[in-house]
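1. predicted model follows, preceded by the sequence.
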Amino acid sequence: MTSASAGDPPGGAGMARGYNAGEPVPSFDLATIGAGAGDVWCTAADLLRWNDAIASGELLPAALRKEMLTPHALTGHAASPAGWSVTGYGYGWQTGTIDGRRALFHTGANSGYLAVNAWLPDEQIAFAVLSNDQATNILQVTADLLKLAL
């Protein structure tokens, strides 16, 4: 991972500006809300690198990976209109299904930005979808892209 950071937005020429329904919005003042809430910034490529490191066992031994991906808090959310179902939460990963396929994922949001990082282990597919407009129905966009990929 070469572009990931935590804290205030990294800025710079490559940083996408956040919008809501096409109108620019300021980002949260992350120093006032504390670390761990909407303060991780990276590219889709870095999210995929993270997924690969988890899936391959490069980052964690098998026992710890299993612990990370096991639901420890059951949520039992009903399926969304986009075909997403959340059944539990592991350590940093939600567990559930996307269009009936077993899935591990996490969403993210900050004023003007949305993200989905997901892994379908049975299909050996990982994907990351980022949007710099918070009006995007990112779960539907992700589900539509997944249908094209399968």
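-> Alright, I've got the coordinates. Numbering: from 1, shown residues only.

2. what stretches of the protein score poorly on pLDDT?
-> 5-14, 27-39, 76, 78-79, 81 (pLDDT under 70).

3. can you map out the strands along it?
-> Assigned by DSSP state E, the chain shows strands spanning 5-6, 19-20, 23-24, 40-41, 73-74, 84-89, 94-98, 101-110, 113-120, 125-131.

4. adding distance to Ile138 and mean neighbour count, write these out as a markdown table.
-> Backbone N, C-alpha and C define where each C-beta goes, glycine included. Listed next are the strands of the chain as a markdown table, based on distance: least, Cβ to Cβ, whole Å; neighbours: other Cβ atoms under 10 Å:
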| stretch | distance to Ile138 | mean neighbour count |
| --- | --- | --- |
| strand 5-6 | 21 | 12 |
| strand 19-20 | 13 | 16 |
| strand 23-24 | 18 | 10 |
| strand 40-41 | 16 | 20 |
| strand 73-74 | 23 | 10 |
| strand 84-89 | 10 | 18 |
| strand 94-98 | 13 | 21 |
| strand 101-110 | 7 | 18 |
| strand 113-120 | 4 | 23 |
| strand 125-131 | 6 | 19 |
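
5. could I get those as a markdown table with distance to Glu58?
-> Below are those laid out as a markdown table (distance: least, Cβ to Cβ, whole Å):
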| stretch | distance to Glu58 |
| --- | --- |
| strand 5-6 | 21 |
| strand 19-20 | 36 |
| strand 23-24 | 39 |
| strand 40-41 | 20 |
| strand 73-74 | 26 |
| strand 84-89 | 23 |
| strand 94-98 | 21 |
| strand 101-110 | 16 |
| strand 113-120 | 14 |
| strand 125-131 | 13 |
